[in-house]
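In: Dropping the sequence and predicted coords here.
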Amino acid sequence: MVDVLIIAGSKSDERIVEKATNVLDELEIQYEVKYASAHREPEKVKSIVKKSEARVIIAIAGLSAALPGVVASHTSRPVIGVPVNVTLDGLDALLSIMQMPKGVPVATVGIDNGQNAAYLAARILEVNTKETTRIPATYAEAGVDESLVAKGLEVLGKYVRQSFKHGEIMQDYGHYANTVKISEDLCLALSTDGVGSKVLVAELSEKYDTIGEDCVAMNVNDLICIGATPVGFVDYLASEKPLPTETIEEIAKGLLKACDESEIPILGGETAILPDMIRGQKGPGLDLAGTAVGIAKPSELFDGSSIQSGDVILGISSNGIHSNGFTLARKVLLAKYKLQDKLPWGVTLAEELLKPTRIYVPHFKAMKEARIEIKGLAHITGSGFKKILRLGQLRFIISDYPDIPPIFDLIKKTGNISWEEMFTTFNMGIGLIVVVPENQEEMAKRVLSNLDETYRLGIVEDSMKGEVRIEPFGVKI
């Protein structure tokens, strides 16, 4: 659903329309633009106003400028009139819009001042323009305070652990996934995750063919981090109102593509229509999440507890931002760029942001087939390289680092973001960390490099507390 309807009396008013739309784009306010003459097409004007679900209407007209008044006669929503300078320096249009009868108000801005009409619409919509246009430098400033998130998880954890009495649970609360032992030689693993605010980029771009892949990847990649092999997937699709079949088909194709890559079936799922809870950026809003189930023998599970000093840290390349850090990335990049802008490396911003999360199930299976001893895996998602600390109270020294993909440099420079914030928010080009014994380093690199670029990042050392050091960038986590 759009927030603002802009209706202009003639295509000749396009330059004023553009002044308004530039501001609305900057403020990330959704709008639609229509053209209709109050004098020549009164029924068309009435139809546009009645059909629109916009909360504020901007009406742009010159000369006798009847359009704002006619629009106001068809709705009780706020109408903002913009007089256009055609003759008499625009005073004829200004006075026409201002002289509305009692009970049919039209707010009026200066002549040709489409910008102020947009800013006034933003105030009516209660959009804080100063806060919106300020580029955040941290995830917390963007609206996600992970310290508060951590406190919430601590509360949940108390109750989660109390439930462990009902089964033989193989991991502690807070790992990538968890398993319950259902027989002497079989454990059942579960992981749940969603696509997050990356969905908003898909909505704004009207491109949904990759978020299904993200949804599957976020779940199966977590399962392999405890040694479980994925065997099935279900999805949960909630939307503001019933989605167009074309949108559902794009999402479904992405789900299938990722499940094919993971060699698992889609077992079903759930859809929900929640108009009072979900609101879209452009068109109907949606949320996409899923759950993956996996299996493993008890002897196949790992949680990092076998890692020791001297073990080698390998990193497998990511495919871009993947599905985390988008609250910060969106607010930084969209303050300066539009989604359709071409980036220096030849793709649009939308194409770069919507690259699907890489699936690492084939890498996990290849290592198992090669009988490589996997001591620990860390899926680098939310919290970035903090995720490595799930592998234990050790010092993970990253002394070598590959070239950082340009999208991360762009985010850092545009938002003036510190290296520490970057490495604790984004994957920075490394989607999966693999810890193996030193004597298996070369074999592991050879196996993994057949699938994706793999790098030796550093080694593990003993420590009194968990720590990640990314030495080339002076970052300590």
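Out: It's in. Residues are numbered from 1 along each chain as shown.

In: okay, now the closest residue to I470 other than its chain neighbours: neighbour count?
Out: Excluding its sequence neighbours, the residue lying closest to I470 (C-beta to C-beta, 6 or more residues apart in numbering) is I398, at 4.7 Å. (C-beta placed from N, C-alpha, C; glycine too.) When neighbours are counted by other C-beta atoms under 10 Å, I398 registers 24.

In: for the one 4 residues further on, same thing?
Out: For P402, the tally of surrounding residues (other C-beta under 10 Å) stands at 15.

In: how close does it get to F473?
Out: Here the criterion is C-beta to C-beta, to the nearest Å. By it, P402 lies 12 Å from F473.

In: Pull the residues that contact stretch 250-259.
Out: Residues from elsewhere that reach stretch 250-259 (C-beta atoms under 8 Å, 6 or more residues apart in numbering): 207-217, 220, 233, 235, 237, 265-266, 288, 290, 356, 359.

In: run the last query once more with 10 Å
Out: 195, 199, 202, 206-220, 230, 232-233, 235, 237, 243-244, 264-267, 269, 286, 288, 290, 292, 356-357, 359, 361 (C-beta atoms under 10 Å, 6 or more residues apart in numbering).

In: among the residues you listed, which are in strands?
Out: Cross-referencing these against strands under DSSP state E gives 230, 232-233, 235, 237, 266-267, 269, 286, 288, 290, 292.

In: Of all pairs in those residues, which one is the farthest apart?
Out: P230 and L286 (24.2 Å; C-beta to C-beta).

In: List the buried residues in the helix or strand containing A117.
Out: Using DSSP states H and E, A117 maps to helix 114-124. When burial is assessed from 16 or more other C-beta atoms under 10 Å, helix 114-124 yields the following buried residues: 114-122, 124.

In: try stretch 78-97
Out: So stretch 78-97, judged by 16+ other C-beta under 10 Å, has buried residues 78-84, 86, 90, 92-94, 96-97.

In: Also stretch 332-348?
Out: By 16+ other C-beta under 10 Å, the buried positions in stretch 332-348 come out as 332-335, 337, 339, 348.

In: Next: stretch 390-405.
Out: 390-392, 394-398, 401, 404-405.

In: now swap in stretch 148-161 and tell me
Out: Going by 16+ other C-beta under 10 Å, stretch 148-161 has no buried residues at all.

In: Show residues contacting that stretch.
Out: For stretch 148-161, the external contacting residues (C-beta under 10 Å, 6+ apart) are 139-140, 145-146, 169, 172-174, 178, 382-383.

In: let's go with 7 Å and repeat that
Out: Contacts to stretch 148-161, defined as C-beta atoms under 7 Å, 6 or more residues apart in numbering, come from residues 173-174.

In: Give me the residue at the spatial middle of the protein.
Out: K198 (2.0 Å; C-alpha atoms, centre = their mean).

In: if you skip the residues just before and after it, what's nearest to G466?
Out: Per C-beta to C-beta, 6+ apart, closest to G466 is L389, 4.3 Å.

In: how far away is the one you found from E14?
Out: Counting by C-beta to C-beta - L389 and E14 are separated by 55 Å.

In: what does L95 give?
Out: In terms of C-beta to C-beta, L95 sits 24 Å off from E14.

In: Next: R358.
Out: In this view, R358 and E14 are 43 Å apart by C-beta to C-beta.

In: How many residues are close by the residue nearest to G466?
Out: 18.

In: tell me the SS of it?
Out: Following DSSP: H, G, I helix; E, B strand; the rest coil, L389 is assigned to helix.

In: out of the buried residues of stretch 390-405, who's nearest I248?
Out: When those are compared against I248 (criterion: C-beta to C-beta), the nearest one is P405, at 31.3 Å.

In: and that closest one, what is it in contact with?
Out: With C-beta under 7 Å, 6+ apart, P405 has these contacts: 320, 429.

In: ok, it to K355 distance?
Out: According to C-beta to C-beta, P405 and K355 sit 10 Å apart.

In: what packs against the helix or strand containing T327?
Out: Element membership for T327 (DSSP H and E) is helix 326-333. Helix 326-333 sits against helix 139-142, helix 198-205, helix 406-415, with contacts defined as 3 or more C-beta pairs under 7 Å, 6 or more residues apart in numbering; DSSP states H and E.

In: deepest of those helices, which one?
Out: Ranked by mean neighbour count under mean count of other C-beta atoms under 10 Å, those are led by helix 198-205, which reaches a mean of 23.

In: Now do that helix against helix 326-333, angle only.
Out: Between helix 198-205 and helix 326-333, the angle comes out at 40 degrees (axes from the mean of the first three to the mean of the last three C-alpha atoms, to 10 degrees).

In: Report the distance from helix 198-205 to the chain centre.
Out: Counting by C-alpha atoms, centre = their mean, to the nearest Å, helix 198-205 is centred 7 Å from the centre of its parent chain.

In: counting contacts, what elements does that helix pack onto?
Out: Helix 198-205 packs on helix 211-224, strand 286-296, helix 326-333, helix 349-353, going by 3+ C-beta pairs under 7 Å, 6+ apart.

In: Comparing these, which comes out most buried?
Out: When you average the neighbours per residue for each of those (mean count of other C-beta under 10 Å), helix 211-224 leads with a mean of 29.

In: coming back round to it: and for P405 and K355, which residues touch both?
Out: Residues touching both P405 and K355 by C-beta under 7 Å, 6+ apart: G320.

In: returning to that earlier point: what's the most distant pair in the buried residues of stretch 78-97?
Out: P78 and V86, at 24.9 Å, using C-beta to C-beta across these.

In: separation between G174 and D185?
Out: On the measure of C-beta to C-beta, G174 and D185 end up 26 Å apart.

In: Revised request: answer the last question for V149.
Out: Distance from V149 to D185, by C-beta to C-beta: 37 Å.

In: same check, this time on G315
Out: G315 sits 33 Å away from D185, going by C-beta to C-beta.

In: re earlier: let me know the closest of the buried residues of helix 114-124 to D3.
Out: Looking across the buried residues of helix 114-124 and measuring by C-beta to C-beta, the closest to D3 is A121, at 7.6 Å.

In: shouldn't the closest one be in contact with R55?
Out: No. Taking contacts as C-beta atoms under 7 Å, A121 lies outside contact range of R55: 8.6 Å.

In: Return the distance of the closest residue to L237 other than its chain neighbours relative to I211.
Out: Leaving aside its sequence neighbours, L237 sits nearest to T271 (C-beta to C-beta, 6+ apart; 4.9 Å). Using C-beta to C-beta, T271 is found at 15 Å from I211.

In: for the stretch 201-350 of the chain, which spans come out with low pLDDT?
Out: 282 (pLDDT under 70).

In: Kindly recompute the last result at 90.
Out: For the stretch 201-350 of the chain, residues meeting the criterion pLDDT under 90 lie at 275-285, 335-336.

In: Report the residue ranges of every domain in this protein.
Out: Here the domain assignment for the chain is 4-133, 170-301, 303-477, based on automatic domain parsing.

In: ok, back up a step: want to throw the helices and strands packed on helix 326-333 into JSON lines with distance to Y35?
Out: Shown next, in JSON lines, are the helices and strands packed on helix 326-333 (distance: least, C-beta to C-beta, whole Å):
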{"stretch": "helix 139-142", "distance to Y35": "37"}
{"stretch": "helix 198-205", "distance to Y35": "23"}
{"stretch": "helix 406-415", "distance to Y35": "35"}
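
In: Many thanks, I have nothing further to ask.
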